[in-house]
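A.B. asks: sequence first, then the predicted structure, then my questions.
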Amino acid sequence: MNTHQLFHTIHQLSRELAKQANHTLQPFGLYTAQWSVLFVLKEKGKMTQKELCDYLAVEAPPMTRTIQRLMKQGYVKQVTGEDRRAKIIEMTEQSKAAYPEWEAAVLQMNDRLLMGVSDEQREYMQQLLSSYLMNVKENSQKGTLHE
């Protein structure tokens, strides 16, 4: 199998999914970058900006812009932690109240995009992609991606 084609397909899929998600989130004034932050905060609770960057594999400048947009919209707030240099980000009551509507739209999109894919296939795909992601992260941490 040609691995170039595999990586190309994964990249195309990622871009197409982002396009679909942006379209789905547009009525709420959100984009995928913002949704990703909100989703992680909802699932994991408040986090430092660095933790968000690390978890979502996003550099600091774009994360700062995303958080600033979310703050301007009233969806997240920054609080000072024990280490005053750390910026702790958490959802506001406004975003917690709106989250179920956003999530319903995203779940409906997911169901539409996975139509015809069995539960077994979905589970297998989740396992494959999780394994692949873990491998990529491990190689990145070891620095082997740059060799």
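C.D. replies: Right, received. Where do you want to start?
A.B. asks: can you tell me the closest non-neighbouring residue to the most centrally placed residue in the chain?
C.D. replies: The residue lying closest to the centre of the chain (C-alpha atoms, centre = their mean) is residue 36, at 3.1 Å. Excluding the flanking residues, the one nearest residue 36 by C-beta to C-beta, 6 or more residues apart in numbering is residue 56, at 5.6 Å. Using the backbone N, CA and C atoms, a C-beta is placed for each residue, glycine as well.
A.B. asks: so what's the one you found scoring on pLDDT?
C.D. replies: Here the pLDDT value assigned to residue 56 is 94.
A.B. asks: run a quick neighbour tally on it.
C.D. replies: Residue 56: 16 surrounding residues under other C-beta atoms under 10 Å.
A.B. asks: hang on, the earlier thing: can I assume the residue nearest to the centre of the chain sits in a helix?
C.D. replies: Yes: in this structure, residue 36 lies within a helix as judged by DSSP: H, G, I helix; E, B strand; the rest coil.
A.B. asks: just the pLDDT for it.
C.D. replies: Listed pLDDT for residue 36 reads 97.
A.B. asks: just the C-alpha atoms of stretch 16-25, please, in CSV.
C.D. replies: Provided in CSV are the C-alpha atoms of stretch 16-25 (Å, rounded to 0.1, in the frame of the first residue of the first chain):
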residue,chain,number,x,y,z
GLU,A,16,-13.4,18.1,4.9
LEU,A,17,-14.5,17.4,8.5
ALA,A,18,-13.4,20.9,9.6
LYS,A,19,-15.3,22.4,6.6
GLN,A,20,-18.5,20.5,7.6
ALA,A,21,-18.1,21.4,11.3
ASN,A,22,-17.6,25.1,10.4
HIS,A,23,-20.7,25.0,8.4
THR,A,24,-22.6,23.3,11.2
LEU,A,25,-21.3,25.7,13.8
